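Trainee: Take this sequence and fold it.
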Amino acid sequence: MQNQIALAESIAREQGFTVVERYIDNGISGSGIKNRSEILRLVEDAKKKKFDLVITKSQGINPALRLHCESDNQKT
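Mentor: Okay, here's the model as predicted:
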């Protein structure tokens with residue numbers, strides 16, 4: 001987990017972004033969100049527009065770091 005956090009923070013720095021919050025559900029299955037307090041908090045903060053960017057790590061068959069940015073209705 002610490003390596004994933006360090007990688008995400010490194011990407012943020014390289015792109016000139018400021019990390020304002022971390023939403024980490026340690027040891028909780030990603031198969032649903034019902035019992036994931038941090039992902040629920042992220043959703044609520046997104047509704048309040050508390051941030052512009054989310055950096056996530058894909059845990060699928062082909063793991064890849066994904067950078068999601070939404071600004072002026074444009075996604076990159």
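
Trainee: The nearest residue to Ile24 once chain neighbours are set aside: what's it in contact with?
Mentor: For Ile24, the nearest residue in space outside its immediate sequence neighbours is Glu38; the separation is 5.7 Å by CB to CB, 6 or more residues apart in numbering. All C-beta atoms are positioned from the backbone trio N, CA, C, and that covers glycine. Residues in contact with Glu38 (CB atoms under 8 Å, 6 or more residues apart in numbering) are Tyr23, Ile24, Asp25.

Trainee: The first one falls within a helix, correct?
Mentor: No: under the criterion used here (DSSP: H, G, I helix; E, B strand; the rest coil), Tyr23 is coil, not part of a helix.

Trainee: for the chain, which helix is longest?
Mentor: Identified as the longest helix of the chain according to DSSP state H is helix 2-14.

Trainee: which helices and strands does that one pack with?
Mentor: In this structure, helix 2-14 makes packing contacts with strand 53-57, strand 65-71, judged by 3 or more CB pairs under 8 Å, 6 or more residues apart in numbering; DSSP states H and E.

Trainee: and the first one with helix 2-14, angle?
Mentor: This points to strand 53-57. Between strand 53-57 and helix 2-14, the angle comes out at 150 degrees (axes from the mean of the first three to the mean of the last three CA atoms, to 10 degrees).
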